[in-house]
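> sequence first, predicted coordinates after that:
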Amino acid sequence: MNLRNFSQPIIITEVILLGFSNIHQLQKPLFFFFLVMYILTLLCNGLVILLIEVNHRLKTPMYYFLKNLSWMEIIITTTVTPKMLSLLILEDNTMPFFACVLQGYIYFVAGSSEVFLLAAMSVDRYMAICNPLRYTSIMRTQICQLMVLSCWLWGFLSVTSSASLTMKLPFCGPNIIDHFFCDNGPVKHLICADIHFLQTIDLAVSCFNLLGSVSVTAVSYICIVVTVMRIPSAKGRKKAFSTCSSHITVASLYYGSSMFIYIKPAGESSTDLNKVATVLNTVVTPLLNPIIYTFRNKVVKEAVKDVLGRM
């Protein structure tokens with residue numbers, strides 16, 4: 001890394017986000033589509049949080065993790081979507097540099113924490129299926145709280161370590177970002193110094209976060225499959241697999257899109273494909289999660305009926 005301008009102050013005061021300027025004719029349809037998706041995401045995830053808080057039947061480790069997943073999804077989509085909507089309808093493509101940095105920081109802290117939470121949820125499913133007799137004694141409330149806190153802590157530390165190095169370098173432009181939010185890669189190209197070391201650090205952190213979480217999830221589900229296949233009845237095997245199908249679906253979507261964007265050498269990326277994958281992470285997946293996880297669940301449907309009955 002070139003450190004000759006290490007103490008030089010930041011020159012850039014605002015950035016220009018190009019967003020979806022290359023498809024101008026589709027900007028208004030995209031605005032209404034993303035607006036509806038955003039509102040539904042807030043409503044669905046908010047409903048999940050409310051149901052888990054008020055219904056005693058949902059006071060289990062699995063639903064505790066789901067509640068925290070919904071909070072993370074709300075944070076991720078709210079960090080990115082409002083500015084994206086303003087780019088589409090108001091064509092307000094400028095953003096203060098500090099706000100840009102803050103947006104990227106919050107997004108990656110929440111996103112990294114979600115990666116670890118998905119791994120924690122796979123461990124919970126492993127304990128429930130492979131160690132059912134010890135499940136309640138091991139997955140106590142304090143343990144679940146510690147696991148969620150650890151997810152946030154690891155997400156915070158992994159992002160802060162890279163961000164602290166980045167912010168010590170001079171930013172002098174050009175101040176144009178070909179994206180609809182302040183993604184890590186495009187922001188680093190505003191630095192007036194050699195960024196190969198930073199790119200290596202980012203790749204290493206992404207590999208650790210994503211591949212580590214994928215490994216934990218994969219090992220957990222290999223053990224689950226082995227255990228389930230030993231169940232004598234077909235009905236019992238189907239019931240056991242059904243409790244895991246939602247997590248596998250959501251984890252596959254999030255892991256797949258994240259690995260496509262962040263685990264590859266610098267420069268080997270298509271901006272348009274990265275935008276599509278980021279839309280999947282920030283708009284589509286946050287809406288699909290509560291639908292896939294909870295609203296197809298019989299216990300949650302009964303909880304909804306209870307709440308409506310009280311109202």
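Looks like it arrived, so ask away. Numbering: from 1, shown residues only.
> please name the residues that touch residue 92.
Residue 92 is in contact with residue 86, counting by C-beta atoms under 8 Å, 6 or more residues apart in numbering. C-beta coordinates here come from the backbone N, C-alpha and C atoms, glycine included.
> distance of it relative to residue 175?
15 Å (C-beta to C-beta, to the nearest Å).
> likewise for residue 261?
Distance from residue 261 to residue 175, by C-beta to C-beta: 22 Å.
> how about the residue nearest in space to the middle of the chain, what does it touch?
Geometric centre of the chain, nearest residue: residue 111, 3.6 Å, by C-alpha atoms, centre = their mean. Residues near residue 111 by C-beta under 8 Å, 6+ apart: 76, 155, 258, 281.
> which one of these is nearest to residue 217?
Closest approach between those and residue 217, by C-beta to C-beta: residue 258, at 12.9 Å.
> burial of the closest one, as a residue count?
24 (other C-beta atoms under 10 Å).
> buried residues in the helix or strand containing it?
Taking DSSP states H and E as the definition, one finds residue 258 inside helix 234-262. By neighbour count, with 16 or more other C-beta atoms under 10 Å as the criterion, the buried positions of helix 234-262 are 240-241, 244, 246-248, 250-251, 253-255, 257-262.
> where do the strands of the stretch 101-250 of the chain begin and end?
In the stretch 101-250 of the chain, strands defined by DSSP state E, counting those that start in this stretch lie at 176-177, listed in chain order.
> could you list the low-pLDDT ranges of it?
173, 240 (pLDDT under 70).
> that older thread, how near is the residue nearest to the centre of the chain to residue 190?
Distance, residue 111 to residue 190, using C-beta to C-beta: 21 Å.
> quick one: the helices in this protein?
Ranges of helices in the chain, per DSSP state H, are 27-54, 61-89, 97-130, 135-138, 141-166, 184-188, 196-229, 234-262, 271-279, 285-290, 298-310.
> what's the most buried one of the ones you listed?
Of all the helices of the chain, helix 285-290 has the most neighbours on average by mean count of other C-beta atoms under 10 Å, namely a mean of 24.
> how far is that one from where the chain is centred?
10 Å (C-alpha atoms, centre = their mean, to the nearest Å).
> what are the contacting residues of it?
37, 40-41, 44-45, 47-48, 69-70, 73-74, 76-77, 250, 253-254, 257.
> can we see that at 10 Å?
Helix 285-290 has contacts (C-beta atoms under 10 Å, 6 or more residues apart in numbering) with 36-49, 51, 66, 69-70, 72-78, 80-81, 114, 246, 249-250, 253-254, 257-258, 279-280, 292, 296, 300.
> kindly report the same for stretch 140-147.
Under C-beta under 10 Å, 6+ apart, the answer for stretch 140-147 is 59-62, 64-65, 68, 116-117, 119-121, 123-124, 127, 137, 139.
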